[in-house]
Each structure stands twice: as structure tokens, then as C-alpha cells.
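Asks: Okay, predicted coordinates and the sequence, questions at the end:
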Amino acid sequence: MKKKSALFLFLVLLGLAVQAQKYAPKVKPADPPKPFGPVPTAAQVAWQRMEMNMFCHFGPNTFTGLEWGEGTEAEDIFNPTALNCNQWVDVAKKAGFQGIILTAKHHDGFCLWPNPMSTHTVRESAWRNGKGDVLRELAVACQRGGVKFGIYISPWDRNAPTYGTDAYNKVFLKTLQHAHKNYGPIFEQWFDGANGEGPNGKRQVYDWKKFNAQTKKLQPNAVIFSDVGPGCRWVGNEEGTCGRTCWSRLDVAGREPGKNAPSQDTLNAGNYNGACWIPAETDVSIRPGWFWRASEHPKSVQELLRIYYNSVGRNSLLLLNVPPDNRGLIPAEDSLRLMEFRAALDSIFSNDLAKNVRYVEVSNYRTNDKNPRLGYWISVLACCEPGPFHAYGMVDHYGEKNYDTYWATDDSVTTAWAEFRFDAPQTFNRVMLQEYIPFGQRVEKFHVEVEDEDGNWRTIAEETTIGYKRIVLTETVTTPKVRIVIDQSRACIVLNRVGLFLDTIYN
């Protein structure tokens with residue numbers, strides 16, 4: 001009898017809700033926020049959402065033990081006995097990497113494909129009787145395995161006879177052209193500013209404008225990496241650490257890769273008023289060196305987690321170098337460490353405690369409705385989803401399945417809070433926040449509060465920027481209420497994810 005009464009009451013309430021919606025005054029829905037400052041391209045958003053990619057330093061240095069080859073090494077020194085790019089891709093996928101970038105040509109000038117502009121390539125080696133092509137094998141393996149394919153082609157060439165003269169730029173353009181036209185889509189083109197002396201003592205004057213323009217013409221969806229982008233920037237160090245404050249904006253006027261790049265501090269933090277959207281990429285090696293050496297071993301899981309928190313957790317993409325050995329395989333100990341790393345990340349981030357939220361209250365949200373709470377609950381009772389800017393868009397129910405849902409405040413509101421209430425206390429020590437970056441980066445200061453046993457609010461973290469993703473490491477707390485407070489934002493607030501997690505591994 002009680003069940004029938006409850007069902008009857010529910011149907012009555014549902015009917016009233018439907019009628020309320022039917023006769024409620026029509027309110028013009030609020031417009032989405034306008035973009036603020038420079039904003040990312042669709043390719044840059046897709047790139048940032050990859051979060052972690054794998055770098056593969058491979059070439060003659062793998063066999064000599066050098067970091068920077070001289071360019072005079074005999075081509076036959078490159079002779080992997082069991083090259084298997086499918087194995088690389090398999091390891092990358094299991095570790096959670098979405099892309100692989102190969103050193104197709106490092107500073108020594110040796111090309112891992114039969115580049116017609118060089119005589120220092122796999123074509124001149126005895127490997128596979130001069131018929132081998134590492135670039136081709138990796139491109140095919142990536143396509144087969146569903147992993148994106150990227151390339152590093154160093155402009156510095158210690159072997160090219162024209163290096164250090166104006167003619168070299170034409171050689172390099174044709175080198176790029178051959179790689180970009182013959183190996184399918186490239187998601188990232190990796191450049192650095194290394195610049196050595198030419199045979200006549202003249203430093204090479206790189207034509208970066210032409211290099212970038214041709215790359216964009218032949219690979220329009222490629223994100224171009226260098227000290228100054230234009231697609232993404234070097235983070236300023238090789239230690240795996242992005243700035244605690246990190247803007248995806250950068251001023252590049254009058255700058256170029258190499259000695260005329262912005263300072264390392266600027267690359268680490270970006271520019272507050274930077275004119276261009278050039279997010280940070282954190283490149284670091286799993287081993288002490290960039291190329292494989294039998295005497296070196298991979299970093300611990302603890303160290304890899306530190307790198308993850310200081311890169312992905314600080315608004316940067318992580319590019320982790322995992323060098324193949326002289327057989328042409330990812331070593332077993334590196335593969336095992338990556339699997340342990342992946343297992344740790346899954347253990348920490350597979351259970352978002354924010355999903356357990358009973359109610360989210362916000363100080364403001366973007367709407368013309370004079371009674372936002374009533375409007376939300378009526379929409380729920382009427383089996384309608386809340387409006388596009390409601391606070392529930394931050395919870396994983398929507399955010400992970402639909403990246404384009406978010407909480408947004410009115411244009412004039414740049415300070416606000418969101419309170420998450422739970423039926424039972426939640427225990428966590430990691431707070432994840434994400435801004436909806438297609439509208440730009442806005443937040444410059446925020447803090448996190450929890451309700452203590454006496455019902456008082458206590459601050460457990462104070463930080464600065466958010467950007468695409470911010471993971472805040474806090475003390476371990478148990479609380480029924482969490483409040484995210486945006487203390488300072490440069491435009492109206494637009495957050496599309498708040499997550500709470502418990503990490504029992506990293507200390």
C-alpha cells in the first residue's frame with residue numbers, strides 16, 4: 001500500500017512539474033560565454049586532451065651511446081636486429097599514450113627513412129639491405145593500432161654539406177616535404193632550436209617562417225612544437241616540471257627557437273597577457289639519457305607520478321621519452337615500469353568521488369531564470385536535463401562523456417563558488433579542476449575548502465591557474481562538503497570538470 005501511495009505521489013508531483021513547465025513564463029536562454037583572449041584551435045584542443053604521448057629517441061646514438069652524434073658515424077652502425085614498431089605501439093597503448101613521436105632525424109643528420117635529400121640514411125646502411133624504413137613501419141603500426149603518429153626532424157644537421165649556408169634551408173624544406181607527403185597524417189611536428197657551426201664557421205640562419213608554413217600546408221592538422229610554437233611550446237626544462245602557475249598564452253613577437261627564445265622561466269609559466277595560444281609540453285625521459293644505454297634504467301613509479309602531477313596536473317601535456325634499445329624494441333624493464341605507472345594512474349583516477357554528489361550549489365550560474373534552483377529541480381522532475389551552464393555540468397556524469405558541458409557564470413561574475421554536498425563523508429587527497437579551454441583560459445586564483453566536524457569551513461589548498469587541467473595535491477581529508485572558490489578570474493568563470501580522488505600510492 002505504501003508503494004502505491006509513493007508512486008501516486010510521484011506521479012502527482014511529476015504532473016505538477018510538467019504543468020509548471022508548461023505555464024511558466026518563457027525565458028530566453030542565456031548565450032554562451034564569449035571567448036576571452038586567444039583561444040586554441042580545434043587541433044590544439046584535441047592535442048591537449050591527449051594528455052600523455054610517447055617520445056622515441058632512436059638512431060645511431062642507440063648504438064654508440066652518445067646523446068649528440070657527430071654526424072660522421074658510418075651508416076652501417078645503425079643495425080637493429082629485431083625492430084618491431086608494432087611492439088612500440090602495443091606498449092604505448094597499454095601505458096595510456098595516445099600518440100608516438102619518433103626522432104626521424106636527430107642532430108647527427110641520420111635519417112630513419114630514405115630521405116632523397118641526404119646520403120646519410122637507412123638507405124645507405126646494411127640494415128635490411130638498404131630497403132628498411134623505420135618511419136614507414138611506425139606510421140603503419142600507429143595506423144593499425146589506433147595511435148597517432150608524430151615526427152621530430154632536427155633542423156641542425158652535422159652531416160649535411162650545405163649546413164651553415166643559405167642553400168641548407170632549401171634542403172631542409174625538401175626533407176620536411178618528403179616526410180610530410182609520404183607517411184600519412186602527422187599529429188605533431190617536433191622542432192627544436194639546436195644550431196651548430198657549419199663547415200665554414202657560419203651558424204645556420206633557419207627560415208622558420210617557411211618551415212612552419214610548409215608544415216601547415218602539407219599537414220594542416222599538425223601541432224607544431226618549438227620554443228615558440230606556434231602549436232605548443234617547450235616547458236623550459238627536461239626535468240618533467242611545469243610551472244605551478246602556467247598560462248597557455250605566450251608572447252612570441254621577435255622571438256624564435258634557440259638562443260632568441262623566451263627565457264626558461266617564461267616558457268615554464270607562459271605570459272599573463274600573451275598574445276598567442278601556445279600551451280606547454282613537458283618532455284622528459286624515462287631514463288637518465290634520451291637514447292638507450294644498457295647501463296641506464298627507468299625511473300621509479302613514484303618519480304613518474306611526480307612528473308605526471310607536475311605536468312598533466314599543471315596544464316601541460318606530458319611527452320615521456322621511452323627509447324627503443326639496439327634490437328629495435330622497447331626494453332622489458334621500461335615496458336614493465338610503464339605498466340606499473342598505468343596501473344597506479346588507474347588506481348588513483350578510476351574512482352571519481354565527485355560522482356557521489358547529492359547536490360551542487362553555486363553562488364551564480366549563467367541564466368535569465370530568476371529562481372535557478374527551482375528551475376533546475378522542475379527540469380529534473382519533468383525528466384529534462386538541466387540547462388547547458390548548470391553546475392552539474394562539472395560532474396563526471398556529464399564532463400567525461402560530453403566534454404562540452406560546463407558551469408558558467410554571468411559575464412559580470414568573476415568571483416564565485418561551487419559547493420558539493422554528499423550523503424556520506426568522502427575521503428580524498430586530490431582535487432581535479434578543468435576550465436573549458438575553447439573559450440580561453442581565465443582563472444588566476446582559487447582555493448579549496450572542506451567542512452570540518454564542527455561544521456566550519458577550512459581551506460586545504462590555495463593555487464593560481466587552472467587551464468585545461470589542474471590536479472591539486474592536498475592532505476587526506478574526510479568531509480561531507482567540498483567548496484571550490486574562484487577568488488579571481490579574468491572573465492566569467494567556465495569550468496567543465498571537478499573531480500575528487502584518493503591517492504594511496506604517491507607520497
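Replies: Yep, that arrived.
Asks: quick one, helices of the stretch 1-150 of the chain?
Replies: Remark: helices assigned in the stretch 1-150 of the chain by DSSP state H, counting those that start in this stretch are 2-23, 42-50, 61-64, 85-95, 134-145.
Asks: distance between the third one and the chain's centre?
Replies: Its chain's C-alpha centre lies 30 Å from the corresponding centre of helix 61-64 when counted by Cα atoms, centre = their mean, to the nearest Å.
Asks: contacts for that helix?
Replies: With contact meaning Cβ atoms under 8 Å, 6 or more residues apart in numbering, helix 61-64 is reached by 67-69, 73, 77-80, 106, 108, 291-292, 323-326. (C-beta placed from N, C-alpha, C; glycine too.)
Asks: which stretches of the stretch 201-350 of the chain form helices?
Replies: Per DSSP H, counting those that start in this stretch, the stretch 201-350 of the chain carries helices over the ranges 208-218, 264-269, 301-311, 332-349.
Asks: would you turn these into CSV with mean pLDDT and distance to residue 244?
Replies: Shown next, in CSV, are the helices of the stretch 201-350 of the chain (pLDDT from 0 to 100; distance: least, Cβ to Cβ, whole Å):
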stretch, mean pLDDT, distance to residue 244
helix 208-218, 98, 30
helix 264-269, 98, 8
helix 301-311, 98, 9
helix 332-349, 98, 20
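Asks: so of the ones you listed, which one's packed in deepest?
Replies: Sort those by mean neighbour count, taking mean count of other Cβ atoms under 10 Å, and helix 301-311 sits at the top with a mean of 20.
Asks: the bottom helix or strand of this protein by mean pLDDT?
Replies: Every helix and strand in the chain was compared by mean pLDDT, DSSP states H and E; the lowest is helix 372-381, with a mean of 42.
Asks: Flag the shaky bits of the stretch 1-150 of the chain, pLDDT-wise.
Replies: Within the stretch 1-150 of the chain, the segments meeting pLDDT under 70 span 1-29.
Asks: so residue 340 touches residue 301, yeah?
Replies: Yes. Here residue 340 lies in contact with residue 301, judged by Cβ atoms under 8 Å, at a distance of 5.0 Å.
Asks: ok, back up a step: closest one to residue 239 out of the contacts of helix 61-64, please.
Replies: residue 67 (16.0 Å; Cβ to Cβ).
Asks: Return the residues in contact with the closest one.
Replies: With Cβ under 8 Å, 6+ apart, residue 67 has these contacts: 61, 289-291.
Asks: now, among those, which is nearest to residue 365?
Replies: Looking across the contacts of residue 67 and measuring by Cβ to Cβ, the closest to residue 365 is residue 290, at 47.7 Å.
Asks: Quick check: the spatially closest residue to that closest one that is not a sequence neighbour vs residue 101, distance?
Replies: Excluding the flanking residues, the one nearest residue 290 by Cβ to Cβ, 6 or more residues apart in numbering is residue 57, at 4.4 Å. Noted for residue 57: a distance of 10 Å to residue 101, by Cβ to Cβ, to the nearest Å.
Asks: the more surrounded of the two?
Replies: More crowded of residue 57 and residue 101, by other Cβ atoms under 10 Å: residue 101, with 25 against 22.
Asks: how close does that one sit to residue 244?
Replies: 26 Å.
Asks: if we can go back for a sec, identify whichever of the helices of the stretch 201-350 of the chain lies nearest to residue 363.
Replies: Of all these, helix 332-349 comes closest under Cβ to Cβ, at 28.0 Å.
Asks: Tell me the buried residues in the helix or strand just after the closest one?
Replies: Downstream of helix 332-349, the next assigned helix or strand under DSSP states H and E is strand 357-362. By neighbour count on 16 or more other Cβ atoms under 10 Å, the buried set for strand 357-362 is 357, 360, 362.
Asks: Stretch 405-413 now?
Replies: 405-410, 413.
Asks: Adding distance to residue 466, write the helices of the stretch 201-350 of the chain out as CSV.
Replies: CSV is the format used below for those (distance: least, Cβ to Cβ, whole Å):
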stretch, distance to residue 466
helix 208-218, 29
helix 264-269, 14
helix 301-311, 15
helix 332-349, 17
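Asks: Indicate which one of those helices is closest to residue 179.
Replies: Among the helices of the stretch 201-350 of the chain, if distance is taken as Cβ to Cβ, the winner is helix 208-218, at 9.1 Å.
Asks: Walk me through the domains of the chain.
Replies: Per automatic domain parsing, the structural domains of the chain span 14-34+351-501, 51-349.
Asks: Could you look over those and pick the most buried one?
Replies: Mean neighbour count (mean count of other Cβ under 10 Å) peaks for domain 51-349 among those, with a mean of 20.
Asks: What is the end-to-end distance of it?
Replies: End-to-end span of domain 51-349 (Cα to Cα, to the nearest Å): 14 Å.
Asks: and it, how far from the chain's centre?
Replies: For domain 51-349, the distance to the chain centre is 15 Å (Cα atoms, centre = their mean).
Asks: Could you point out the bridge partners of residue 482 in the sheet?
Replies: Taking DSSP bridges as the rule, residue 482 bridges to residue 420, residue 450.
Asks: and it, what is it in contact with?
Replies: 419-420, 426, 431, 448-451, 500.
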